[in-house]
Structures are given as C-alpha cells and as structure tokens.
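In: this one's sequence-less:
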C-alpha cells in the first residue's frame, strides 16, 4: 500500500511475550547461561597469532617464478590509509564487473609433499568489499570473499585443503564485481595428517549426544567467543553444546508443540538436537526458531549443539562470533497465537484513537479447530470490543483483523518526553478452555510528514540523535540489560530523541528500553553491500528474509517509526523498489520506509535512477568529502523538492587520539547549517555515540574506531559536554543577581526558535537547582515547575532562594529536567576557585611521565607546571580527566611537579610538590576499565603499534598483587582469576625494544544483576 508523503499515521506497538501458564499448556525454558565451547582444528584461526615459520611456504607478489599476473596490475610501494603489507611492494587493480577470468594474480607453491595445508592470504587496504580469493586444490576450487578494508596486513585463513604436488595448485586473487583489489602475499602451512584425521573424525561426531565435551571451554550465552583471549580475533566456525533437562511438568503431549528459539547467532548457524539436524539460519542479527517437539527427550537429558560461523564481514564493525542473544524453549498448545499487530491512530481533534488489531492463529493439529479470540487492553475505563471466532483447517494458519475506538479519556499519547505504554492481551479459547495467551505492549502516537516537516502528535519537531553501534569491548554485540540501560540514559541526557540507530537489527532489549524512555527510531536491516555473495538478484531472498524476521519481531514497538532496507548501497534502484514495496505491501503498511543513502548528492544521481525517489523520507549520510552541508542540502532539495531530509549519519572526523579530552569543535559549525535555515532537514543523527571495535584500516591500536562521545568502556569524552549543549532545545540558561550573603539569585531560561536545531515544545519540565560547598556536599536544593516552553518563546525568569549567610558556598548547579527524568540543559556557576588538588602518583616513561591526581569538586580543567632543563617554568596542556602526560623531558633527570585546578573563577592553589623522573622505558598502558563479572576479571587498556604483549598483575590490595596473567590481545584481556576476588590491578607491556614500567594500581569493581530490567 503506497503511503502518501503528506501524512503518515502510525503508531505504537511492540513486542509479544508468552507468559508461562501451565493450565494453558504454555511454558518457557531459558537455555542461556553456561554452555561448552570449542573450535575444531582447521575450521578457523585467530589471526593475531599467525606469523610465518620456517616450515611455511610464503609467496610474495615479487616472486616471479611462483606468481602469475594476468591483466593490468599496478605496483604500489605505499599502503593506503596507513596500512602495511608484506615485502617491498604489492599489486593493485581497479576491477569492473565480470573481469575476473582475464585479470588475476595466481600464487603457485612448490610443494615437497602432497597433504593437508592451511592457505592464507594477506593484503593492505583496498576499497573492494568482496574481493574473490580462489583456492585450486586437489578436490576442486573453493572461493572466499574478503572485505579488503578490514584486517589489513594480517595472515587471514582461507581454510584447510588437500593439495597434490603433481597438480596445478594455486591461490588466486581476483574480483567478480567492481572496485579496487590488492594482491600482496599468500602462505601455505603444512598440517599434521594425524591432526587433520582427528579433526575430520571430530566433525563427524561433534553434534552427537554421546560426544565427550568435558574438556571444552566454558562460555556464557548470550556472549561471544572473543570473551576468551585465545579467540579474541578468531574468524571461522566454532561449536557450542548444552545439556539440559526439561521441567518436570513438561510431559510429552500430542496436543502441545515445543519451539527452539534463538534471538540471534552470528552469522551462520547449524542447530542439532539430540544428534539430529533441526535446521540452519543465515543472518547474524535476526531471530529464528524451529519446531523440535518430535526431537526432544521428555524423560531424560537433551543435548543441544550449535555450529556458528562468523566469517561474514561487512563495513567497519566487528564480526562478534557466536550465540550473541538469548535462547529459549517455548511450549504451547497445538493451536496458538503466532503473531499480533497493533496499530493505533489517534484523532488529535477528538482525543480518541482508532485501534486496529491483526491476529495470526496457527493450528498445528490434524483436526479442524474453532477458536474464540478475545483481546483486552490495560489502563482503559471499559473493555474494548475485540472478539472474533475463527475456524482453522488442519495444519493451517489464518489471520483476522479487529478494530475498536478508544475514547478520549482512555488515550494518553506516546511522546519522547512522556512515553506512555499500554498492553494488549489476546486469549484464544476452545469450548471455554484457554489454549493460548499473548500480550504485546504498544503506544499511541501520530507521525505525519509534509514536504519539510516531521510532525509528532500534531507538533512539528526538529530532533537530534546518534548512531549507536551494537558494540562493547567486552560484551561485544551481546549487550546485557545493564549496558543497554546505561547507554539509553547517556544518550537521552545528551539530547537523543530521534535516530537511525545503526545498520543491523537491534537487540530487542534495546528497542524495549527506547519504548520506555522515549527515543524515536528507524531500524535498519543489515544490508550494506549488494555485491556480497549472500545476496542474489533480482529477488534478494535473504534480504527479504531478514526484513521479515526484523519487522515481525519489532512491529509493535512505539519507538520505531520507520524501517530502512539498507545502508549506502550502490546500483540499488531495483533492490530498493523491490524491498520497499515488500515492506509496505506485506509487512507493515503504516510506518515510514527508507533506504539510507550517501549517493544522492552526486551528479550521477537523478530522480530517475536514485532510490531517494522511492522512499518516504530521504535519509542521507553526510561526511566532509561531499562538500559543505549547505551545498549538499541544496543539491538534494533541488532533486527531491517534496521530501523532508533526515541526516541519518554525519561525522566530521574521528578523534585524533583515544584521549577522553578529545573534542570536535567543528560540530558546532556544522550544526549552524541547520540553525535558522534548511528547514526541510528535520534532524540529524551523529556518528557515533560510542567507540566500537573494528579491524578497519586506520583503526586505533586497541582495535577501536574512535568516533564516540563515549569510548568503548562508556567513559565520557569532552565531546559529550559539547553535544549536551548542541542537542538542547534551550538556547541558554542565564544566572544573574547572585547574592551569596542573602541567599538568592535569578535564573532565566530561553528556548530555541522554531527554526533552530533541535526544536520542540517543552511540557511539564522542572528546574532543579542546588548549592554546594567546596567538597561537593549539598547545602540547599529545590525544584521549580516550568510552564510550557514553546520554540521562540521569550525568556522565563525564576527567582531562587536559600538560607542566608551559608558559608563555604562553592557553586550553583542548575538542571532542566524532562518529565521522564532526563537533562535538557545543565549549567554550573562557580562561586569560588577550586580547592587545592593533590597528585596521587607519577608513572615514569621514556622522556615522559604520567601524573595521576585526585580531582576536586568544582574544577573544570587541570594542568601541571614544572621547570625544564633551562630553568623555565613550563605549563602542560589542560585535561578534564584525572591524569595527564608531560612529555619532552630528559631521561634520568628529576623534575618537580605541581598540579593546578581551574574553573571560571580562576585557578586553585598549586598542589604540594611531587618529584618524578623519566626512566627511559615506555609508559605503561592506561587502564581504562577493570571489573569482575561472573568469575572473570576484565581489564581494558590502551596500546601502541609496537606493543607485542601485555602482563596484568592483580590481588586483594594495591600493595599486594601476587598473581600475573600474560596476553597478546589488543585493548582487553579476560582472566579466570585465582584466589579471592581481586580488588586491584596493574599492567605493563612488552615491546619490540623492551618493556614498560608497571602502571598505577587501579581499583576493580564488581558488576551484579547485569540483566536486571
């Protein structure tokens, strides 16, 4: 059903929960938790552990005897984007589609013996996302596809193959689609025939119930195998096994069915139960399920075995491998409600809401069944008239549609400041017996579009948000509730109300949290490159499968106002038309649909060939290489004058360093392109909220892309404070007439104008103010209810009073708080200079020291002073953190340091002096985070290019760290610790030229109830 651009009413919805009620045959068994984990020899590799040995056969592109080059390839001596390569140079070619047969580089080994070899390929950065690498072996030709922007200058496994020395064996680098390909080096590693025979035998029995997995590793589900150090960079196949018994009240019953549900397995899964294959699934972020009723053992143990393959690499994000989300067994009667879709459309004039309900009922029995359906809504004054009787033939599924009107006194609209939620409960009965109950949560809201506006519940709004990458350096994309809650709070406090949240189906727990806390979302299917061999034109069945799995799961979430069918695709008009029509006509006729683009600004993009013509709202990814924002906006508007634009992704540049002091002042200038002009740009979503792990070229040594307001450990950067102000609907809070002696002041609030960014009405907000002493203790506080503040309204003045003659007043803090508890503006007014700070410890380095200190309340920045070798007083750079580094010192010389804190009132008294001397060794890594979760000690740390390994020591006291653990993993290590819970950790590193000093011990905290709602 084609929706008109002028108006889109949608609403609400959300997701179904089957509650366990044994009288109705319903029940759930959570299979998450402890699983056994193992990788079979030869099925993948941890590439950071792969380096050449004397036994390996290494063939560089310069080996003319072993390398055949066909076609026009250029010799390159410098890797793009700073990437390295093997040997003195490498080859590069710009491919067009269909050129592989006449253009390739083939590497032929001179094998002394026939047998098993693992083949590897190595390349520097090139732009091709699916470069083809073919291995010609004794049993035929095997093709692999590589994103050459990822994992550059590493030995990447192609797999284990049997090679016959009498045959023409080779590895071939080519491409079947357009883009630039790099060909550098390959390696053949001889493998033990005995090991390979053991591996083959293991693969043949690994899924059987009686297979012995007692020596396997323990791994938590949901999670990923990178939580194990030896699998930190593992790509390939690996196995999970779990043994379980069914609940005692689950009995074999011909009138009941049991489904095995996986919320997500990255990226390809094969599932076995009690030795039998029950099915497979391709797609790492969408849910899937199998009916396993006939394969369960109701009277004893069951064994579930899952093979997961994380070989798919798209974009710059990490391929976190394994069972990344929850696993359930769900038991129902043979007739059940398999789906319900709730659409609530409010009448803004009358105050009522028209409600439509679509229910899908599945009959898995061999009998015709007559089922009565009754749906009820909580929080309403009288029962809704939602009843229907349906007759289903044997083994069939039918849909019914019901409708009702909620009166005005029962309607409370869902809004990002007041996210009101309802529950719809539908009961299926037969002859008075309850067969199934399904409850879904929904909201009531109205989304409308004009050619230049997004209208929420009748109000034009201009909103800001972020792209949040589903990523954490420890939890990866498995994201416990603790992390989701923390991230949503951080985003909301930084002004997030609307976002294209990321490319890829999100963890449903995140979507639920956005329902509850108020963030509007476009959710996107994980389609980023149509040349990916997974996708088969012209029908793209896998992409359509992912869309259906995503939308069927998330169709009732009020936070989701639209769907995206892909991100930054090329030559995709036919794909976009197919999938947009599919979403609108078969999956969700009410929400907006788009295809996120970065090409509409190009001269080659026209309304006739670009999918921006097909979308309901243009979502454009904007970066500096496209030109100035004003120019890009003008170009897009000239081509599509009747469609509003949302900047689904914009980034100025990554951070220059990993420091928490990093900021991007240019963002303020960029936002000026929206303030008071370009009103058809209805909002923007910054790239990114958080740093994220990546193998992409030009990534930090810690393997993180450094774009975030927060780092991968969720520590705020200086940029976070800038964005808090940029994303506020308040232009300014001014404080005047401050009289500390009498105890009063005046606070004035001025909202932004309707043409500013962001811009929306503030209702039911409150002004919280507090007076603090120099230690940060609260001396007085109160709140003021603020009247409705519409964009463009004049200043609102408020007088505040506290007890006269209070002593030691240090600061006045003011927060404007939304009805659901989030900051809309923050201001701190210093009354006095900060207290004297103190230096806690000095770490020695090579011509440098790192100074740690204890922050003092009311300070904005800190700096250190010392005398250089000429006796001159030197002032360090400023920091907003609790440590800083002083460089350009002389090794072995003793320096005297003092620390100074600063705020708007001036500088503090310098700290007491501390002496420190550069040792000539490297500074130790910075410990970003250290915590206990379960029985694991997790330590996150910084790194540099020439680091070779790291050693962590830990113990119960800062002065007693008897235990040590060594690792080669970048950015993080996970330790199965010995003895009592460690409370402190310290770290040192080894480099190619030596080793560093030990770092200052850091306190270890404990995380509990990380999945608590």
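Out: Here it is on my side, so go on. Here the structure is a predicted model, which means the values were calculated and not measured. Numbering: from 1, shown residues only.
In: where does the prediction get shaky in the protein?
Out: Scanning the chain for pLDDT under 70 picks out 1-25, 1013.
In: same thing but 50
Out: Applying pLDDT under 50 to the chain picks out residues 1-23.
In: count of neighbours near the closest residue to residue 673 other than its chain neighbours?
Out: Spatially, and ignoring its direct neighbours in sequence, residue 673 is nearest to residue 629 (3.8 Å; C-beta to C-beta, 6 or more residues apart in numbering). Bear in mind the C-beta positions are built from the backbone N, C-alpha and C, glycine included. Burial measure for residue 629: 21 neighbouring residues, criterion other C-beta atoms under 10 Å.
In: residue 670 is in contact with residue 629, correct?
Out: Yes. At 6.0 Å, residue 629 counts as touching residue 670 under the criterion of C-beta atoms under 8 Å.
In: name the residues contacting each of those two.
Out: residue 650 (C-beta atoms under 8 Å, 6 or more residues apart in numbering).
In: re earlier: quick one: the residue nearest to residue 673 from residue 290, how far?
Out: Distance of residue 629 to residue 290, computed by C-beta to C-beta, to the nearest Å: 49 Å.
In: could you do residue 193 as well?
Out: Applying C-beta to C-beta to residue 193 and residue 290 gives a distance of 37 Å.
In: more crowded one of the two?
Out: Set side by side, residue 193 and residue 290 show more neighbours around residue 290, with 18 against 12, by other C-beta under 10 Å.
In: where exactly do the strands run in the stretch 851-1000 of the chain?
Out: 861-867, 873-875, 883-886, 895-903, 906-907, 914-916, 927-933, 936-941, 947-955, 963-967, 972-975, 984-991, 994-995 (DSSP state E, counting those that start in this stretch).
In: now swap in the stretch 551-700 of the chain and tell me
Out: Along the stretch 551-700 of the chain, the segments classed as strands by DSSP E, counting those that start in this stretch run 560-567, 592-596, 618-622, 645-650, 681-687, 692-693.
In: tell me the most buried of the ones you listed?
Out: strand 692-693 (a mean of 28; mean count of other C-beta atoms under 10 Å).
In: for that strand, packing partners?
Out: Packing partners of strand 692-693 (3 or more C-beta pairs under 8 Å, 6 or more residues apart in numbering; DSSP states H and E): strand 704-705.
In: sheet-wise, list the partners of the strand it packs on with their directions.
Out: Paired neighbours of strand 704-705 in the sheet (DSSP bridges): strand 692-693 (antiparallel).
In: what is the distance between the partner strand and the centre of its chain?
Out: 8 Å (C-alpha atoms, centre = their mean, to the nearest Å).
In: who touches the host helix or strand of residue 133?
Out: Assessed by DSSP states H and E, residue 133 sits inside strand 131-137. Strand 131-137 has contacts (C-beta under 8 Å, 6+ apart) with 100, 119, 121, 123, 141-148, 158-159, 161-163, 168-176, 179, 181-182.
In: repeat for stretch 996-1011
Out: With C-beta under 8 Å, 6+ apart, stretch 996-1011 has contacts from 480-483, 840-841, 843-845, 852, 919, 921-927, 930-933, 937, 953-954, 958, 961, 981-990.
In: from these, keep the buried residues only.
Out: 480-483, 843-845, 852, 919, 921-927, 930-933, 937, 953-954, 961, 982-990 (16 or more other C-beta atoms under 10 Å).
In: tell me the buried residues in stretch 118-138?
Out: For stretch 118-138, by 16+ other C-beta under 10 Å, it's 118-137.
In: repeat for stretch 66-86
Out: In stretch 66-86, counting by 16+ other C-beta under 10 Å, buried: 66, 67, 69, 73, 76, 79, 80, 83, 85, 86.
In: quick one: end-to-end length of that stretch, please.
Out: 16 Å (C-alpha to C-alpha, to the nearest Å).
In: return the distance of that stretch from the chain's centre.
Out: 34 Å.
In: same question, stretch 337-344
Out: 28 Å.
In: residues making contact with it?
Out: So stretch 337-344 is contacted by 10-14, 16, 353-362, 373, 375, 397, 406, 424, 426, 428, 436-438, 440, 442-445, 552, 555-556, 588, 590 (C-beta under 8 Å, 6+ apart).
In: for residue 972, give me its contacts.
Out: 232, 473, 474, 938, 939, 940, 941.
In: what's the answer for residue 496, then?
Out: Contacts of residue 496 by C-beta under 8 Å, 6+ apart are 464, 465, 466, 519, 689, 727.
In: which of these fall within helices?
Out: With DSSP state H as the criterion, helices contain none of those.
In: which of those are buried?
Out: Counted by 16+ other C-beta under 10 Å, those give 464, 465, 466, 519, 689, 727 as buried.
In: reformat the residues you listed as a markdown table; add distance to residue 199.
Out: Listed next are the buried ones among the contacts of residue 496 as a markdown table, based on distance: C-beta to C-beta, whole Å:
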| residue | distance to residue 199 |
| --- | --- |
| 464 | 53 |
| 465 | 48 |
| 466 | 45 |
| 519 | 47 |
| 689 | 42 |
| 727 | 54 |
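In: name the SS class of residue 308, please.
Out: Three-state call for residue 308 (DSSP: H, G, I helix; E, B strand; the rest coil): strand.
In: burial count for it?
Out: What residue 308 shows, counting by other C-beta under 10 Å, is a neighbour count of 24.
In: was I right to think it contacts residue 264?
Out: No. Look at residue 308 against residue 264 with C-beta under 8 Å: they stay out of range, at 10.5 Å.
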